[in-house]
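>>> build me a model from this:
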Amino acid sequence: MFKKLVSLCLAVLMVAGLCAGFAGCAKANADFKIGVILLHDESSTYDKNFITAVEDAQKALGLSNSQVIIKKGIPEGNECYETAKDLVAEGCKVIFADSFGHEDFMIKAAKEFPEVQFCHATGTKAHTEKLSNYHNAFASIYEGRYLAGIAAGLKLKAMMEADSTIVPKIGYVGAFTYAEVISGYTSFYLGVKEIVPTVTMEVQFTGSWYDEAEEKNAANALINMGCVLISQHADSMGAPSACEDKGIPNVSYNGSTVSSCPNTFIVSSRIDWAPYVKYICEQTMAGKAIDTDWTGTISTGSVKLTDLGSKAPVEGTQAIIDQYKAELVAGTRHVFDTNNFTVNGEKLTSYLADVDDDGTYTGDTEVVKDGYFHESEYRSAPYFDMEIDGIHRINSKF
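Coordinates of the predicted model:
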């Protein structure tokens, strides 16, 4: 009888302890807030993608609206630092900024507020700054762009089979001559080249992440040069709308444009940031460390393609995309396989990439081995910055 009473008392104490623990966790989570700093707003496909991700993560975590504070239209200047300070004052435990140029100001805030976690998309300096509360994140979006290139290549091949006069020349509207953009348009081109080996590509830069007029002008210029299919790494509807106006097939970025461009939209690749937002919230609430450099993949649900367009894609495209996707996931295919491209007519056998962002802008890390360029494996942000054969930059001042 005595043993039964002791066992019962212990059971009651354990339940009481668990309840107290759950109550403590619930209270801690109730006090939790995340702040999000956006360069633009919903009008930008890039920022809209982040907004959607935050909303998805909020729902998955059961956070209230008061626990998620989003600041929109924050320039890549000291305004970012001031906004981060405001979010700290509002009680945010983790702050996430979405634009490359926000980085130095996020680092400044991280140094001032060591008790708050600062996370930054597309940045390069976390692993050299070595701050315990500053973190970079990106995803292997080059794989998504490669798969989108496969879809574009199938379309281009079908166009050439239907009209023997078509020259396989495509165009790309890029924002800046950053490695992020170069890696993206090169992987897209290699996807197209997998289907149409003779393809060439012209790249027109705008010098801005979001400039609808300039992006539309760039797309029109590429079309006037004879480019028969266009893609882009820029954030407005400028290029897709130009393609729809001229009847030129288009591969967009960060979301489907099928509703606005039903006749020309093929597919779009995007980073789904929801897994990362959920991760940094969970880690912060649990008092656990956040990875210094975090790279999302197809397997983590961070690299995605939209549904195919309703009119422009070639029949059977999805099945072929799925085949290539499976090979990427299995590791039997690599986007930057050195057998699939040349630089100045030569096969690439070695390359020192500028992985350590220490301000010297010099190569420091060997990234070619096992027959391919190891993109986003030594830090999260891309560092593929070479000009490969078959791609021509119309302007290179940005």
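>>> can you name the residues that contact A158?
Taking Cβ atoms under 8 Å, 6 or more residues apart in numbering as the criterion, A158 is in contact with V314. From N, CA and C alone the C-beta is placed, and that goes for glycine too.
>>> and S302, how many neighbours?
The number of residues packed near S302 is 24, by other Cβ atoms under 10 Å.
>>> begin at 37 from here
Fine by me, first position is 37 from now on; the one you just mentioned is S338.
>>> mind listing what's buried in the helix or strand hosting A194?
Applying DSSP states H and E as the criterion places A194 in helix 177-198. Within helix 177-198, the residues scored as buried using 16 or more other Cβ atoms under 10 Å are 177-196.
>>> give the buried residues for stretch 335-355.
Quick answer for stretch 335-355 (16+ other Cβ under 10 Å): 338-339, 341-342, 344-345, 348-350, 353.
>>> could you do stretch 306-319 as well?
Buried-residue list, stretch 306-319, by 16+ other Cβ under 10 Å: 306-317, 319.
>>> a markdown table for those residues, including distance to L388?
Shown next, in a markdown table, are the buried residues of stretch 306-319 (distance: Cβ to Cβ, whole Å):
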| residue | distance to L388 |
| --- | --- |
| R306 | 31 |
| I307 | 27 |
| D308 | 32 |
| W309 | 30 |
| A310 | 35 |
| P311 | 32 |
| Y312 | 29 |
| V313 | 34 |
| K314 | 36 |
| Y315 | 31 |
| I316 | 32 |
| C317 | 37 |
| Q319 | 33 |
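>>> return the member of those nearest to A249.
Nearest to A249 out of the buried residues of stretch 306-319 is R306 (Cβ to Cβ; 23.6 Å).
>>> look up the closest residue to the closest one, ignoring the ones flanking it.
N290 (4.7 Å; Cβ to Cβ, 6 or more residues apart in numbering).
>>> now S267: closest residue in space, sequence neighbours ignored.
V287 (4.0 Å).
>>> how about the one you found, secondary structure?
Look at V287: counting by DSSP: H, G, I helix; E, B strand; the rest coil, its state is strand.
>>> distance of T333 relative to L192?
In this view, T333 and L192 are 27 Å apart by Cβ to Cβ, to the nearest Å.
>>> can you check G381 too?
From G381 to L192 the distance is 24 Å (Cβ to Cβ).
>>> do Y289 as well
From Y289 to L192 the distance is 18 Å (Cβ to Cβ).
>>> buried residues in the helix or strand harbouring A278?
Assigned by DSSP H and E, A278 belongs to helix 274-282. Going by neighbour count (16+ other Cβ under 10 Å), the buried part of helix 274-282 is 274-280.
>>> which one of these is nearest to S244?
G274 (10.3 Å).
>>> quick check: the closest one touching Y246?
No - at 9.0 Å, G274 does not count as touching Y246 under the criterion of Cβ atoms under 8 Å.
>>> center of the chain - which residue?
Nearest to the mean C-alpha position of the chain, counting by Cα atoms, centre = their mean, stands I307 at 4.2 Å.
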